[in-house]
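S.K.: structure for this input, please:
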Amino acid sequence: MKKLTEDRPYDFKYPAIGKILIRVPIVMESPIIIGSGESENSDLDILRESPWPSGSFGDETTFDTYVIPATSIVGAIRAWLTKVLSQKEHADSLEMLFGDEQCSKAQSALACEDVFITPETPVRIRDGVKIDAAANTAEDRALFNYEVLETRRPITLNFELTLRHRRADSAETSDPDKTNLNSEDCLSLFRLIIKGIDDGHIRLGAKTNKGFGRMSVKKTEVQIVHLDFSDPDALSAWINEDYPWQYLQELSVKKIAISYQRFEIEAFFQIKNSLLIKSYDSQPDMPDAVSVANARNEKIIPGPSLMGAIRHRALKILNTLDWPDADESIYNLFGFVYDKDSSHPFHEKMKQADIQARRGRIEVEETIIRSHFSQVQSRIRIDRFTGSVVTGALFDAMPVWQKAETDYLSLRFAVSDYQPWEAGLMLAILKDLWTGDLAIGGEKSIGRGVLLPYQPVAADKMYAAKITWPEDNKVFLRLGEDGRPSFNQPGLDKLAAFTLKPRR
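M.R.: Next up, the predicted model:
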C-alpha cells in the first residue's frame, strides 16, 4: 500500500486554474412558493429545514428554518439563459457553466449555496379555487390553499465559479484556449444574470407566471472576487478564505446581446366602487369574507386572481370572434396540466403526444392597493319566490375602497414569445379593463371590481398605459379631457400591426 506522502500519477483532465466568487444581495418583491410535497398546514407547504433531534449537538437547540434550495436558483438561471442566449454563439459557454446532460465532460463551473430564511419570516396561507370557464363560477370541490413565504429582509445569493483549463488532448477540441471559460465571459454572463433577476425575468419557486418569486437586486452592493491560481497571493487568499472583495459595478465588461420576445402592458386604474378578492379569516369575530392581504397587511390583487380574469376574458373574446380551435389556443397561451378526467379533445391530443404539462406564456404581477379603507357590509339572501329573507342566510364581507381621487393601482401583464394576434388579444383585454367591462375579484354581480382608467401626475408616469415590445418599441396611452384614451398617429400605426381579426 502506498503512503499518502508518495507521489502519485494524478492526471487531471480539467485542472482548476482559478475561482470567481460573487455575492448578490436581493430583496423579495413578491411572495415565494418553494413546495416541500408536504400538506400538514395546507395543500402545499413551504419547504423547511428538517429539525435535528433534541440533543444532537449536545444541547436542546433545533433548527426550523425555511429553505430556498440551490437547485431552484441555478435551475431558474439556466432556464432563462438557455431561452434568451443564442445557442449558436453561446452553446459552449452554457455547457461549461452548467455542465452537459450526459455528464461526459467537465462538471458544471457554477456552484451555488442554499438560502436559509429565519423562522420569524411571515408565512401566510392563501386560498385558491378552480373556475369553470363556461359558467365563470367556482367548480364544486375545487377549493385549495397553499403557503407563501413573504420577506422583505435582504437575502444574499452566493455563487462560486470554477475556471478550468481544458487539455489540448481532450476529445472535445485541439485548441484549449478556445473553449476555456475565462473570467471575462463569466463576468459578462453574470451581468446578464443580475439584469435578468432585477428585471423580473428570473424568478424563484412555483407560480412565477402569476407574480410569485419576483426579486430585485441591490446593484451597487454586488461583490465579486477573482482568484487566479497562478498568483501565489490569490492561492493563499483562497486557502485562508481572506478574499479581496470588490464591487461588480466598478468592473467594465462586454455586453451580451439577448433575444427575448415580450409584449408588455402597464396600466393605471382606480377602483370605481369597491373591490373584494375573497379570503377567509380563521378568527371567529371577523367577517365571513375579507380582502386578501400580504404580511404587511396591505390589501392586494393576487396574481392568480388577475390571471383568472384575463384567461376567462381571452376565451370569451376568441369565441366571440368565432376563432378556430379557441380552447386549444388558450391552452397553448396560458399553459395546461394534463387532466385524465377531462373530456376535452386537447387533453387527449396531449396524451397521445406524451405531453403532461406546458408552461404558460402569460405573465402577471401581484398588485398592492395603497391608500385604501375597509368596511364591513352585511347582506342577506332573498327567497326568489316569496320575496322574504331566507332563514340563516345572513352573511357579511369586508371589501376595500380607495380613499382619495389621487389614489390608483397599477396592473401589469405580458406575453412572451408572442404572435401578433396574441398581442392584439392583450390589447383587447386592456380595452375591456379600461371600459369597465372586465371586473376583477368576487361579487361582480353587485358592482364590485370595476376599474376606471387613471393617469398619474408623477413626472415619470404621465400616461395611463404603457405598451412595450422588442426593439425599444413603446406606445404611451394618455387620457383626453373626456376620459378616453388618446395617442398620436405614429403610435396608432404601430399598434395596428396587432389588430385581432376574426378568422373564418
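S.K.: so what does residue 431 look like in phi/psi?
M.R.: The phi/psi pair for residue 431 (degrees, to the nearest 10) reads phi -60, psi -40.
S.K.: ok, it to residue 490 distance?
M.R.: Per CB to CB, to the nearest Å, residue 431 is found 20 Å from residue 490. In short, each C-beta sits where N, CA and C put it, glycine included.
S.K.: so for those two, which sits in the more crowded spot?
M.R.: residue 431 (13 against 9; other CB atoms under 10 Å).
S.K.: so where's the chain shaky on pLDDT?
M.R.: Scanning the chain for pLDDT under 70 picks out the ranges 1-14, 50-64, 100-106, 133-134, 166-183, 250-253, 282, 284, 459-460, 502-504.
S.K.: for the residue positioned nearest the centre of it, give its distance to residue 79.
M.R.: The centroid of the chain falls nearest to residue 208 when counting by CA atoms, centre = their mean (3.0 Å). Distance, residue 208 to residue 79, by CB to CB: 10 Å.
S.K.: now residue 97: which helix or strand?
M.R.: For residue 97, the host element (DSSP states H and E) is helix 87-98.
S.K.: and that helix, what does it pack against?
M.R.: Where contact means 3 or more CB pairs under 8 Å, 6 or more residues apart in numbering; DSSP states H and E, helix 87-98 is packed against helix 70-84, helix 183-198.
S.K.: pick the most deeply packed of those helices.
M.R.: Stretch with highest mean neighbour count among the helices and strands packed on helix 87-98: helix 183-198 (a mean of 20; mean count of other CB atoms under 10 Å).
S.K.: hey, C-alpha coordinates of that one in CSV?
M.R.: Taking Å, rounded to 0.1, in the frame of the first residue of the first chain, the C-alpha atoms of helix 183-198 are listed here in CSV:
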residue,chain,number,x,y,z
SER,A,183,-13.1,35.5,-16.4
GLU,A,184,-14.4,38.0,-18.9
ASP,A,185,-17.1,35.5,-20.2
CYS,A,186,-18.1,34.8,-16.6
LEU,A,187,-18.5,38.5,-15.6
SER,A,188,-20.4,39.2,-18.8
LEU,A,189,-22.8,36.3,-18.1
PHE,A,190,-23.3,37.4,-14.5
ARG,A,191,-24.0,40.9,-15.5
LEU,A,192,-26.7,39.4,-17.7
ILE,A,193,-28.0,37.2,-14.9
ILE,A,194,-28.2,40.1,-12.5
LYS,A,195,-30.1,42.2,-15.0
GLY,A,196,-32.5,39.2,-15.6
ILE,A,197,-33.2,38.9,-11.9
ASP,A,198,-33.7,42.7,-11.4
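S.K.: list the contacts of it.
M.R.: By CB atoms under 8 Å, 6 or more residues apart in numbering, the residues outside helix 183-198 that reach it are 18, 20, 22, 24, 26, 77, 80-81, 84, 93, 97, 109, 159, 161, 163, 202, 215-217, 219, 222, 224, 226, 228, 248, 251, 253-256, 258.
S.K.: cutoff 7 Å now
M.R.: Identification of contacts with helix 183-198 by CB atoms under 7 Å, 6 or more residues apart in numbering yields 20, 22, 24, 26, 77, 80, 93, 97, 161, 163, 202, 215-217, 219, 222, 226, 251, 253-254, 256, 258.
S.K.: chain center to the next helix or strand after it: distance?
M.R.: Using DSSP H and E, the helix or strand that directly follows helix 183-198 along the chain is strand 215-217. Here strand 215-217 is found 12 Å from its chain centre; the criterion is CA atoms, centre = their mean, to the nearest Å.
S.K.: between the helix or strand following strand 215-217 and helix 183-198, how many degrees?
M.R.: Where DSSP H and E defines the elements, the next helix or strand beyond strand 215-217 is strand 223-228. Our comparison of strand 223-228 with helix 183-198, counting by axes from the mean of the first three to the mean of the last three CA atoms, to 10 degrees, yields an angle of 160 degrees.
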